[in-house]
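Sequence and computational prediction follow.
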Amino acid sequence: MSIPTPDGPAVETFWLTKRFGRTLAVDNLSLTVPRGSTFGLLGPNGAGKSTTIKMLMGMLSITAGQARVLGVDVASDPVQVKRRVGYVPEAPHIYRWMRVGEAIGFCRSCFPTWNDARCRELLELFGLDVQKKVKHLSKGMQTKLSLLLAVAHEPELLLLDEPLSGLDPIAREEFLDGVLRTVCDRGQTVLISSHMLDDVRRLADTVGFLYEGKLLLQGHLESLLGTTKRITATLRDGVRPTNVPDGTIFQRTVGREWTITVRDFSPEKLQQVRAIDGVENAVTVDLGLEDLFKDFIRGCRTEKVLESGSV
């Protein structure tokens, strides 16, 4: 049995790797999620988000590296991790023949920390009928039931794996309201994986970008948005200059417009662009989370194409 450490990050991975045969799904992932934070693990479909979360839950074996959840080594003591973590998968894993009340009773018997008052609060918030069978619930209602089952035992960490996929706007709003109440009322740590950036923006204070199993960056959201900028320049002849500022993660030219996304932006970098021969004008544009994410992914894809010699 692993002896948990009360201090330190809620989630910590060291060179975490998962292979399925010849397919490398997660590649040397070193990730830190501070306790009490809400962390958004962002990436396109197939980036390795679900695989990472399943390894954190002890549902998938680890090929190499290590994962610690709430100070517990997952490989050594996955049972303790499951008792202390709430998990909402993309596809709810609830016996369809059960009634809502029966599903609640089943989970209640598994967790000594189950909070009946919290359960009743969420039943009312989500409008769940305890007499209704799971198989007769809409996908949105099944997802809300999954959230109820995940948080009513008052977990220290909540893992949400693409929980909003396929939900209509009203169901998404009600789900997020439930998550926000959980975070605000209990001060829990939340890790949410998603490609729905607007919803993550509402929840997350820290984010990490995952692409092809690799972590591109991790940091406090406001800091990333404050230090990564897009420079839009007008070119005299429409030919993209060859010299770019340090920290450029993505660039493209459309007609005479040249856009450059730069990490660790400084006024000096803007002046550097303005001084390039052929640049008539250059201004700075603030980025939102969606544009920031897109430009990091586009930059990686462009770099991969160049390395392959396809262009």
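Structure received.

ok, and what's touching the lowest-mean-pLDDT helix or strand in the chain?
Sorting the helices and strands of the chain by mean pLDDT, DSSP states H and E puts helix 169-186 at the bottom, at a mean of 74. Residues from elsewhere that reach helix 169-186 (Cβ atoms under 8 Å, 6 or more residues apart in numbering): 38, 122, 125-126, 138-141, 143-144, 147-148, 151, 154, 158, 160, 163-164, 167, 188, 190, 192, 199, 202-203. Glycine gets a C-beta too; all of them are placed from N, C-alpha and C.

now stretch 155-162, how far from the centre of its chain.
In terms of Cα atoms, centre = their mean, to the nearest Å, the centre of stretch 155-162 is found 11 Å from the chain centre.

quick one: contacts of it?
10-11, 49-50, 53-54, 56-57, 69-70, 84-90, 150-151, 179, 182, 188-195.

which residues of the chain fall in strands?
Remark: strands assigned in the chain by DSSP state E are 11-20, 23-33, 38-42, 64-69, 72-73, 85-88, 157-161, 189-194, 206-211, 214-220, 229-235, 248-254, 257-262, 279-286.

Tell me which of those strands sits most buried.
strand 38-42 (a mean of 26; mean count of other Cβ atoms under 10 Å).

Surely Phe39 touches Gln188?
No. Using Cβ atoms under 8 Å, Phe39 is not in contact with Gln188; the gap is 11.7 Å.

returning to what we had before: among the contacts of helix 169-186, name the buried ones.
The neighbour-count test (16 or more other Cβ atoms under 10 Å) marks 38, 122, 126, 140-141, 143-144, 147-148, 151, 158, 160, 163-164, 167, 188, 190, 192, 199, 203 as buried among the contacts of helix 169-186.

Out of the residues you listed, which sit inside helices?
122, 126, 140-141, 143-144, 147-148, 151, 199, 203 (DSSP state H).

bridging residues for the residue positioned nearest the centre of the chain?
When Cα atoms, centre = their mean is applied to the chain, the residue found nearest the centroid is Leu41 (1.9 Å). Beta bridges link Leu41 to Ser193, Gly208 when assigned by DSSP bridges.

Can you check the pLDDT for it?
For Leu41, the pLDDT comes out at 94.

got the contact list for it?
Leu41 is in contact with 49, 52-53, 191-194, 207-208, 210, counting by Cβ under 8 Å, 6+ apart.

can you do 6 Å?
Counting by Cβ atoms under 6 Å, 6 or more residues apart in numbering, Leu41 makes contact with 49, 193, 208.

What distance do you get for the last one to Gly86?
Gly208 sits at a distance of 20 Å from Gly86 (criterion: Cβ to Cβ, to the nearest Å).

do the same with Thr227
According to Cβ to Cβ, Thr227 and Gly86 sit 33 Å apart.

which other residues reach stretch 295-302?
Contacts for stretch 295-302 (Cβ under 6 Å, 6+ apart): 209, 211, 216, 249-250, 261.

again, only this time at 7 Å
Residues outside stretch 295-302 that contact it (Cβ atoms under 7 Å, 6 or more residues apart in numbering): 44, 209, 211, 216-217, 249-250, 261.

Check the offset of it from the chain's centre.
With Cα atoms, centre = their mean as the basis, stretch 295-302 stands 18 Å off its chain's centre.

Repeat that for stretch 38-53.
Centre-to-centre, stretch 38-53 and its host chain are 5 Å apart (Cα atoms, centre = their mean).

neighbours around Cys300, how many?
Look at Cys300: counted by other Cβ atoms under 10 Å, it has 17 neighbours.

For Gln218, report the pLDDT, please.
91.

Grab the nearest non-local neighbour of it.
Gly208 (4.0 Å; Cβ to Cβ, 6 or more residues apart in numbering).

how about Asp205, what does it touch?
Contact partners of Asp205, counting by Cβ under 7 Å, 6+ apart, are 37-38, 220-221.

again, only using 10 Å
34, 36-40, 183, 190, 220-222 (Cβ atoms under 10 Å, 6 or more residues apart in numbering).

Likewise for Glu257?
232-235, 238.

repeat for Phe265
So Phe265 contacts 226-231, 245, 247, 284, 287 (Cβ under 10 Å, 6+ apart).

before we move on, the earlier item: for Phe39 and Gln188, list the residues in contact with both.
Jointly contacting Phe39 and Gln188 under the rule Cβ under 10 Å, 6+ apart are Ala10.

Which members of the ones in helices among the buried ones among the contacts of helix 169-186 are the farthest-apart pair?
Maximum pairwise distance in those, criterion Cβ to Cβ, is 20.9 Å, between Met141 and Leu203.

quick one on the thing from earlier: want to throw the contacts of Glu257 into a markdown table with pLDDT?
Formatted as a markdown table, the contacts of Glu257 follow (pLDDT from 0 to 100):
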| residue | pLDDT |
| --- | --- |
| Thr232 | 95 |
| Ala233 | 93 |
| Thr234 | 93 |
| Leu235 | 92 |
| Gly238 | 74 |
